[in-house]
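>>> Predicted model follows, preceded by the sequence.
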Amino acid sequence: MESKKVVIVGGVAGGASCAARLRRMDEHAEIFLYERSGYVSFANCGLPYYLGGVIRDRQQLLVATPERFRDLFNVEVRVHREVLSIDREAKTVEVHNTLSDERSTVSYDMLVLAPGAAPIRPPIEGLDLPGVFCLRNMEDTDRILAWLKDKEPEQAVVVGAGYVGLEMVENLAARGIEVTLIEKADQAMGPMDPEMLAPLYDVLEIENVNLKLNCGVARIEEGREGMLHVIDEHSGVYPAEVVILAVGVKPEVDLARKAGLEIGQLGGIRVDDQMRTSDPNILAVGDAVEVRDYVTGEWTLVPLAGPASRQGRIAADVISGREARFRGTQGTAVVGLFGMTLATTGVNEKRLKALGKPYKKVYTHSMDHAGYYPGASPIAMKLLYEPESGRLLGAQAVGDGGVEKRIDVLAMALQTGATVHDLEEAELCYAPQYGSAKDAVNIAGFVAGNSLRGDVRIVHWDEWRARCERGDSPVVLDVRPLEAVSALGEVPDATKIPLGELRTRMSELPKDREIWVHCAVGQSSYIACRILSQHGFQVANLSGGITSFKMSETSC
């Protein structure tokens, strides 16, 4: 068999996965991997936790070394090698040894680009000051850790409230550092919808993190005695001895652009479902590529390790002659913060609105395991689905336990084209310490299914607020026990009739006006809606009850 020479540019999730898979598929191929940093495969998602001391052994972050690739996979890995250019006609790349400053020309039969994405450095003054860092690789991590050990800072500023920003907040706080978190947008965690973030804001306040939303950074200045001053667009000043920039990433496409490869409208390398670029002899994978959103079919950028690794495998299969195809990404992701977990999959409501795509939504608040078993805690869940078919479009959840398990289930359901009715029938593990006979996933399916079948009309608190602003507010009926109203608070001007008294007090309610019913989480109010609708009342269930009302208040 004639051997094929494959050159891979970049390691970590996409490139390293491609190299290892390709060797398993083809024992005869010549495989060369060039990585410009000093580390070919490391746990970049674990870097904040090493800085925070959760991961104590630096070696644990090194997934595979060049020696391991050579010994196990017969792959030649060359670190400190930057690929400067591609000659597509000659099928060669120019490689720069950053240690010796030597340059060489390397030929290829197939080329795989896995350059990743670089941290965004906004155009503001002071980014190059000592003590201002981005976090991308092992070298960045070493520099930050050395600074933390040397300066022993008491104050830090993290710019950007996405995944990395939140993880850095938690790990800096774990070192006893007072943290200010600055975010230019009007919410943290852009992939989630605003109302789902109320528990996040609560825990940040409890942990004494100073959160500043709608707060862009204007510049960073040097202060006295080694202090830095982060100055926002409103002239607010935040002193710190260390500043972490985590405002997002952008695809590394300079190499591809110089080679004349197609770049998409979002700024990523455009690839087909076999990870081929506009040149059939060049494939690209990972954070640098634009791929299709599995739900909407739109082009998207999703810089996550999971999709990058799968794309690397698919590229290897394609090079080996297999008909592998990438079915798209749905952006399944999770972040933990001070014991709380936030997770998401599929499309959020903001995106559905922007696309003009019809959808329905429900909110549920179910326990992560049986309520009678010690330690049960609620999971706030949002489910988005098609109005007619009930096909899943997206889901978000937040809570102290079991969140990622439910989103994983929903991610798999979404990828198979499942509907909310499939969630009703889902057979999931149950023991008191792990779940309930009716799991949180089932409950979300029941609520959405009841709506699709016409058993109950579901409305939402944002609709109620809009009606109130128009002077067209419906009657709001609170069916919680009176002691629950006193303990949890109430909606202004709500009529209060406990569910147990509803049948005997229906005469107090009007039949010529809409009645929107709520309880704590939406279950008792559903029962109330079924009772009232069968007695001729115009009723709707306020999804998620007073719990969702309070969460939505935070986002307003």
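Everything's here; your move. Numbering: from 1, shown residues only.

>>> ok, now how distant is the closest residue to Thr300 other than its chain neighbours from Gly394?
Leaving aside its chain neighbours, Thr300 sits nearest to Asp293 (4.4 Å; criterion: Cβ to Cβ, 6 or more residues apart in numbering). For every residue, glycine as well, the C-beta is placed using N, CA and C. Computed as Cβ to Cβ, to the nearest Å, the Asp293 to Gly394 distance reads 11 Å.

>>> before we move on, the earlier item: for the residue nearest to Thr300, the count of nearby residues, please.
19 (other Cβ atoms under 10 Å).

>>> The one 3 residues further on too?
Burial of Thr296 is recorded as 18 neighbouring residues (other Cβ under 10 Å).

>>> Give me the phi and psi for it.
phi -100, psi -20 (degrees, to the nearest 10).

>>> Pretty sure it sits against Asn348.
No - counting by Cβ atoms under 8 Å, Thr296 does not reach Asn348; the two are 11.2 Å apart.

>>> all strands for the stretch 101-250 of the chain, in order.
103-107, 110-113, 117-119, 132-134, 155-159, 178-182, 210-212, 217-222, 228-232, 237-240, 242-245, 249-251 (DSSP state E, counting those that start in this stretch).

>>> now swap in the stretch 351-500 of the chain and tell me
360-367, 378-385, 392-399, 458-459, 475-478, 495-496.

>>> Show me what the fifth one is packed against.
Pointing back at strand 475-478 there. In terms of contacts (3 or more Cβ pairs under 8 Å, 6 or more residues apart in numbering; DSSP states H and E), strand 475-478 is packed against strand 495-496, strand 514-518.

>>> I would like the residues contacting the first one, please.
Defining contact as Cβ atoms under 8 Å, 6 or more residues apart in numbering, one finds that strand 495-496 is touched by Val475, Val476, Leu477, Asp478, Arg480, Leu482, Val485, Glu490, Glu508, Leu509.

>>> one more time with 6 Å, if that's ok
Residues outside strand 495-496 that contact it (Cβ atoms under 6 Å, 6 or more residues apart in numbering) are Leu477, Asp478.

>>> same thing with the longest one?
Outside strand 514-518, the residues within contact range by Cβ under 6 Å, 6+ apart are 459, 474-477, 525, 528-529, 537-542, 545.

>>> related to what we said a few turns ago, hey, which of the strands of the stretch 351-500 of the chain is tucked in deepest?
The highest mean neighbour count among these, using mean count of other Cβ atoms under 10 Å, belongs to strand 392-399: a mean of 27.

>>> sorry, back to before: same list, the strands of the stretch 351-500 of the chain, but as JSON lines with mean pLDDT and distance to Asp422 please.
Listed next are the strands of the stretch 351-500 of the chain as JSON lines, based on pLDDT from 0 to 100; distance: least, Cβ to Cβ, whole Å:
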{"stretch": "strand 360-367", "mean pLDDT": "98", "distance to Asp422": "15"}
{"stretch": "strand 378-385", "mean pLDDT": "98", "distance to Asp422": "11"}
{"stretch": "strand 392-399", "mean pLDDT": "98", "distance to Asp422": "8"}
{"stretch": "strand 458-459", "mean pLDDT": "97", "distance to Asp422": "19"}
{"stretch": "strand 475-478", "mean pLDDT": "97", "distance to Asp422": "32"}
{"stretch": "strand 495-496", "mean pLDDT": "96", "distance to Asp422": "37"}
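
>>> Show the contacting residues for the closest residue to Arg480 other than its chain neighbours.
Residue nearest to Arg480 in three dimensions, not counting chain neighbours: Cys519, with 5.0 Å by Cβ to Cβ, 6+ apart. Applying Cβ under 6 Å, 6+ apart, we find Cys519 in contact with Val479, Arg480, Ser525, Gly545.

>>> Of the strands of the stretch 351-500 of the chain, which is nearest Ala431?
Nearest of those to Ala431, taken as Cβ to Cβ: strand 360-367 at 13.7 Å.

>>> Show me what the closest one is in contact with.
By Cβ under 6 Å, 6+ apart, strand 360-367 touches 376, 378-385, 387, 440, 443-444, 447-448, 521, 543-544, 547-548.

>>> repeat that with 7 Å
349, 376-385, 387, 436, 440, 443-444, 447-448, 451, 458, 521-522, 543-544, 547-548 (Cβ atoms under 7 Å, 6 or more residues apart in numbering).

>>> ok so, going back, looking at the contacts of strand 514-518, spot the one nearest Gly131.
Closest to Gly131, out of all of those and judged by Cβ to Cβ, is Gly545, at 46.9 Å.

>>> Could you count how many residues lie near Ala520?
21.

>>> residues contacting it?
Arg480, Ala484, Leu488, Gly545, Ile546, Thr547.

>>> Where does confidence bottom out across these?
pLDDT across the contacts of Ala520 is lowest for Leu488, at 85.

>>> Work out for me the element the nearest residue to that one once chain neighbours are set aside sits within.
Leaving aside its sequence neighbours, Leu488 sits nearest to Ile546 (Cβ to Cβ, 6+ apart; 5.7 Å). Assigned by DSSP states H and E, Ile546 belongs to helix 545-555.

>>> buried ones in that helix?
Gly545, Ile546, Thr547, Ser548, Phe549, Lys550, Met551, Ser552 (16 or more other Cβ atoms under 10 Å).

>>> I'd like to know how far the nearest residue to Gln274 once chain neighbours are set aside sits from Thr277.
Spatially, and ignoring its direct neighbours in sequence, Gln274 is nearest to Val318 (4.7 Å; Cβ to Cβ, 6+ apart). Per Cβ to Cβ, Val318 is found 12 Å from Thr277.

>>> nearest to Ala343, of the strands of the stretch 351-500 of the chain?
So among the strands of the stretch 351-500 of the chain, strand 392-399 is nearest, using Cβ to Cβ, at 5.5 Å.

>>> ok, and what's touching the closest one?
192-193, 196, 199-200, 295, 340-348, 352, 359, 368, 377-386, 403, 406-407, 410, 413-414, 418-420.

>>> Relative to Ala411, how far out is the residue nearest to Thr300?
Taking Cβ to Cβ, one finds Asp293 at 14 Å from Ala411.

>>> Please, which helix or strand holds Ser278?
Per DSSP H and E: nothing holds Ser278, as it lies in no helix or strand.

>>> Just read off the phi/psi values of it.
Torsion angles, degrees, to the nearest 10, at Ser278: phi -70, psi -10.

>>> rewinding a little: of all the strands of the stretch 101-250 of the chain, which lies closest to Val40?
When the strands of the stretch 101-250 of the chain are compared (using Cβ to Cβ), the closest one is strand 110-113, at 13.9 Å.

>>> For that closest one, could you pull out the residues that count as buried?
So, applying 16+ other Cβ under 10 Å, buried residues of strand 110-113: Met110, Leu111, Val112, Leu113.

>>> Quick check: beta-bridge partners of the last one?
Translated: Leu113. Per DSSP bridges, the residues bridged to Leu113 are Val9, Ala284.

>>> Domain-wise, how is this structure divided?
5-117+250-319, 132-247, 339-452, 458-555 (automatic domain parsing).

>>> Make TSV out of these and add distance to Thr332.
Shown next, in TSV, are these (distance: least, Cβ to Cβ, whole Å):
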stretch	distance to Thr332
domain 5-117+250-319	7
domain 132-247	10
domain 339-452	4
domain 458-555	22
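
>>> quick one, helices of the stretch 51-200 of the chain?
66-73, 138-151, 163-174, 198-206 (DSSP state H, counting those that start in this stretch).

>>> and those helices, which is most packed in?
helix 163-174 (a mean of 23).
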